[in-house]
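In: Build me a model from this:
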Amino acid sequence: MEKIQELSLSEKVCYSTLRIEATIPPNSLSTGTGFLFNFKVNDKTFIPCLVTNKHVINGSTTTSIVITCTMPDGTISHEKVHVDSGQWIMHPDNGTDLCVLPIQPVFAYLEAQGKKPFVAPLDESLVPSQTQLEELSAIEEIIMVGYPDGIWDSYNNQPIVRRGITATHPKNDFNGIQVFLIDAACFPGSSGSPVLILNEGGFVDKKGNLNWGSSRVILLGILYAGPQHRVEGTITFANMPKTSTGIPNNLGYVIKSSRLLEFKAVLWDLINKMG
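Out: As a prediction, the model looks like this:
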């Protein structure tokens, strides 16, 4: 198998997400999307975490994920790991539907067995500043990587990639909150999906300049909800892993990726307490 660094940008993105199964007593199972993200401590130290929405794991006792690993003989294995849901860290703002799971202990557990995780985490360099957001066009092509309706390629442990456009300008706070909208097919199971601009080999900028031979990856945000058109003609809002009798409007609400950085103080405190 190829090395991670030899993969194309789009291939790497497909190794940045993990399918989440949350076991909710007595007999319920919630599926959602998580993606790997490295929080930067310094130039040499990072805290790898799995990011998803709070509502994906709320009420659960156990969170299960499947991680692709390379074995000592060079073969590939897909390892299912169960984690106590109490290890998730909630976003410090109660109204922000994000949580993170420090995942280095899981990686260490696998590596102790000779199983090396084959993953490509996203990182802080992909989080755009406000200045970078203002340099974007109002309508940008985006991709969303995840597991709609829990669908995945279980044989290869690969996610489903959806394509869409920004429905509101990412530089703006929609209705005064730090989210924006996308026009894409958003279904239960897609909660926690990273929403990215991914251009391989070239792109056209806001001023119409063709950046030929240049690639870019921008982590715009994290999908968490979407409007549903009710059969009666009213509109409600549904978290993505929940079923509904409504009809999806093919719009998604996306938390801006800059909100991830608000976890850093919490993670630093955790590190300091652990010595």
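In: would Pro105 count as being in a strand?
Out: No: according to DSSP: H, G, I helix; E, B strand; the rest coil, the state of Pro105 is helix, so it is not within a strand.
In: what about it, neighbour count?
Out: 12 (other C-beta atoms under 10 Å). Where C-beta positions appear, they are placed from N, C-alpha and C, glycine not excepted.
In: Could you number the chain from 475 rather than 1 from now on?
Out: New numbering, starting at 475: the last item is Pro579.
In: now it: how far from Pro633?
Out: The spacing between Pro579 and Pro633, counted by C-beta to C-beta, to the nearest Å, is 23 Å.
In: cool, Asn516 as well?
Out: Between Asn516 and Pro633 the distance is 31 Å, computed by C-beta to C-beta.
In: Then Leu610?
Out: 24 Å.
In: more neighbours, these two?
Out: Pro633 (26 against 18).
In: ranges for the strands of the stretch 475-624 of the chain?
Out: 491-498, 502-514, 520-526, 536-544, 550-558, 563-564, 573-576, 590-591, 596-597, 615-620 (DSSP state E, counting those that start in this stretch).
In: any chance of those in TSV, plus mean neighbour count and mean pLDDT?
Out: Below are the strands of the stretch 475-624 of the chain laid out as TSV (neighbours: other C-beta atoms under 10 Å; pLDDT from 0 to 100):
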stretch	mean neighbour count	mean pLDDT
strand 491-498	23	97
strand 502-514	22	95
strand 520-526	22	97
strand 536-544	19	97
strand 550-558	14	97
strand 563-564	16	97
strand 573-576	22	97
strand 590-591	18	97
strand 596-597	19	98
strand 615-620	23	97
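In: List the residues that contact Pro591.
Out: 541-543, 581, 584-585 (C-beta atoms under 8 Å, 6 or more residues apart in numbering).
In: Please apply the same query to Ala641.
Out: 654-657, 725.
In: Mind checking which of these are in strands?
Out: 654-657, 725 (DSSP state E).
In: could you dump the strands of the stretch 475-624 of the chain to a markdown table with distance to Ser664?
Out: Output for those, formatted as a markdown table (distance: least, C-beta to C-beta, whole Å):
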| stretch | distance to Ser664 |
| --- | --- |
| strand 491-498 | 11 |
| strand 502-514 | 6 |
| strand 520-526 | 11 |
| strand 536-544 | 16 |
| strand 550-558 | 21 |
| strand 563-564 | 21 |
| strand 573-576 | 16 |
| strand 590-591 | 23 |
| strand 596-597 | 17 |
| strand 615-620 | 5 |
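In: Wait, a helix at Ser664?
Out: No: counting by three-state DSSP, Ser664 is located in no helix; its state is coil.
In: how far away is it from Met618?
Out: Distance, Ser664 to Met618, using C-beta to C-beta: 7 Å.
In: Next, show the common contact partners of these two.
Out: 636, 697, 726.
In: Could you report the pLDDT at the last one?
Out: The confidence metric pLDDT takes the value 95 at Gly726.
In: For the nearest residue to it once chain neighbours are set aside, which three-state class applies?
Out: What sits nearest to Gly726 in space, not counting adjacent residues and going by C-beta to C-beta, 6 or more residues apart in numbering, is Cys660, at 3.9 Å. Under three-state DSSP, the three-state class of Cys660 is coil.
In: what's the neighbour count on Cys660?
Out: Per other C-beta under 10 Å, the neighbour tally for Cys660 reads 31.
In: Also Arg733?
Out: Applying other C-beta under 10 Å, we find 18 other residues in the vicinity of Arg733.
In: Please apply the same query to Pro668.
Out: Neighbours around Pro668, by other C-beta under 10 Å: 27.
In: who's in contact with it?
Out: Counted by C-beta under 8 Å, 6+ apart, Pro668 has contacts 487, 490-491, 509, 525, 596, 618-620, 693, 695-696.
In: Helix, strand, or coil at Lys742?
Out: You called it Lys, but residue 742 is Trp. Secondary structure assignment for Trp742 (three-state DSSP): helix.
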